[in-house]
Structure formats: C-alpha cells, structure tokens
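> Dropping the sequence and predicted coords here.
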Amino acid sequence: MKDTYKSITKASPEVLFKDRNSKFFGYAFPVKTEDEVNEILEDLKKQHHKARHWCYAWQFGKEEEQQRYRANDDGEPSNSAGMPIYGQIQSFEVTNILIVVVRYFGGVKLGVGGLINAYKTAAQMALEASEIITRTIDEIFVIQFDYPEMNKVMQVIKQHNLNVIDQKLELDCRIFISVRKNEAEEIFTKFDNTYKVKISRLEN
C-alpha cells in the first residue's frame, strides 16, 4: 500500500512564458481547501488586474482514491487551459496544490494548440521552480492508560520509534502518536493487546 504523497512546501516563484506577444505568468501554491484557492485567486486578480484570463487547476487529497480536482479555463476555449495545467499536476504526481496561469493577450491569436502548449509550459515551469517534497500518510492514535502502565507504553513507543505529537501525563495518561499508514494496523494491535491500555484512532 502506498503511504506517501508529494506536495510543495511553499509558493513557487513567479515564472513567465511568452508566445507571440502573449504573456503567461505561472504560479504554484500549497493548498488544502477551496477557501484558500479563492483567496489566492482574488489576490492574483488584484495583482494582475489588466490580465485577460486567470486559468487554474487544483488537486486535494493524499490518497489516490480520495483525491479531488478542478480545472478552470476561465474564458479560454474548452480544455485549452485548465486541463493542460491539471495534466502537469498529474505528471509531477503532486497533490494539495493549486497552479494558476495568468494570461495577458498580446494581440495575436494562438489557436487551441498554441494555448494548450502555453498553459502546459507555464504550469510545468512553475512546478520545476517549486520545492517538491515527499511526505508520509500518517494515522493519528490516542493511547489512554493509568500512570502505572507508563513503562509498558513507553517501551513500545521506543521499540517502534513512534512519533509522539502530544502527551498529557497525569494519573489518567494520554499520549498522541502519528504512525505511517503501512505500520498503523500492527501498532494498533500491539497497544490493543496490551493489558490496561486503550488505543483509538483520531480523524486526521
């Protein structure tokens, strides 16, 4: 089972592709929600208020079967802008990402083939200028136990080199851990079979 995904850490630098006097400015942004997408688009429309088109594609979701995407031609001929941009998202295998290409019309029509090439190239340049990293898909668990069980629990955490993300160590102890998806069932079973220790999954 694949338990990694690729994304970008921060917004890319602005890139520029030119074709017959038309200018195509490309940008890539890390995003997780449509609200973030809308805010970025509003900002770019203010920044490029004299542009003709603000075409984009985004994709959310860490696991392939849960991924959602949208591609928008913003007034360009159908499938000449949004889908070529989305094609680059697929080609680079990145997610939780928005790519916007802003076009200033240069007075010469490029035709559908020219547009597809321009939007694809600007998106590709934005991704090539981005820092792409691989992250793991993790599950979050909370382990609950009484203080006397502390040693048992810490032993399993150390033995499996588990990532503790929060802990509340009082009489009634709770430790929050994140575990790579591929190891999640094994770790869950280990704690579930430990006497006087309760483990439950949290929604990510």
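That came through, no problem.
> alpha carbons only for contacts and neighbour counts from here, please
Noted.
> got the CA coordinates for the helix of greatest length in the chain in CSV?
Identified as the longest helix of the chain according to DSSP state H is helix 111-128. Output of helix 111-128 as CSV, limited to C-alpha atoms (Å, rounded to 0.1, in the frame of the first residue of the first chain):
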residue,chain,number,x,y,z
GLY,A,111,-5.1,28.8,-31.6
VAL,A,112,-6.1,25.9,-29.4
GLY,A,113,-2.8,24.0,-29.9
GLY,A,114,-0.8,27.1,-29.1
LEU,A,115,-2.9,27.8,-25.9
ILE,A,116,-2.6,24.1,-24.7
ASN,A,117,1.2,24.4,-25.2
ALA,A,118,1.5,27.7,-23.4
TYR,A,119,-0.6,26.8,-20.4
LYS,A,120,1.1,23.4,-20.1
THR,A,121,4.5,25.0,-20.3
ALA,A,122,3.8,27.8,-17.8
ALA,A,123,2.4,25.2,-15.3
GLN,A,124,5.5,22.9,-15.9
MET,A,125,7.8,25.9,-15.3
ALA,A,126,6.0,26.8,-12.0
LEU,A,127,6.4,23.2,-10.8
GLU,A,128,10.0,23.0,-11.8
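> Show the average pLDDT along that helix.
Averaging pLDDT along helix 111-128 yields 97.
> How far does that helix sit from its chain's centre?
Centroid separation between helix 111-128 and its chain, computed with CA atoms, centre = their mean, to the nearest Å, is 21 Å.
> which residues in the protein form helices?
34-47, 82-91, 111-128, 150-159, 181-192.
> For Ile137, find the nearest of the ones you listed.
Closest to Ile137 of the helices of the chain is helix 181-192 (CA to CA; 5.9 Å).
> Check which residues of that closest one are buried.
Buried residues in helix 181-192, counted by 16 or more other CA atoms under 10 Å: 181-182, 184, 187-188, 191.
> Tell me the one of those nearest Leu41?
Lys181 (33.7 Å).
> who are the neighbours in contact with the residue nearest to that closest one when sequence neighbours are not counted?
Nearest residue to Lys181 in three dimensions, chain neighbours excluded: Asp138, at 5.1 Å (CA to CA, 6 or more residues apart in numbering). Neighbouring residues of Asp138 by CA atoms under 8 Å, 6 or more residues apart in numbering: 3, 178-181.
> Name all residues that make contact with the spatially most central residue of the chain.
Centrality entry for the chain: nearest residue to the mean C-alpha point is Asn96, 2.0 Å, by CA atoms, centre = their mean. Applying CA under 8 Å, 6+ apart to Asn96 gives the contacts 7, 30-32, 58-62.
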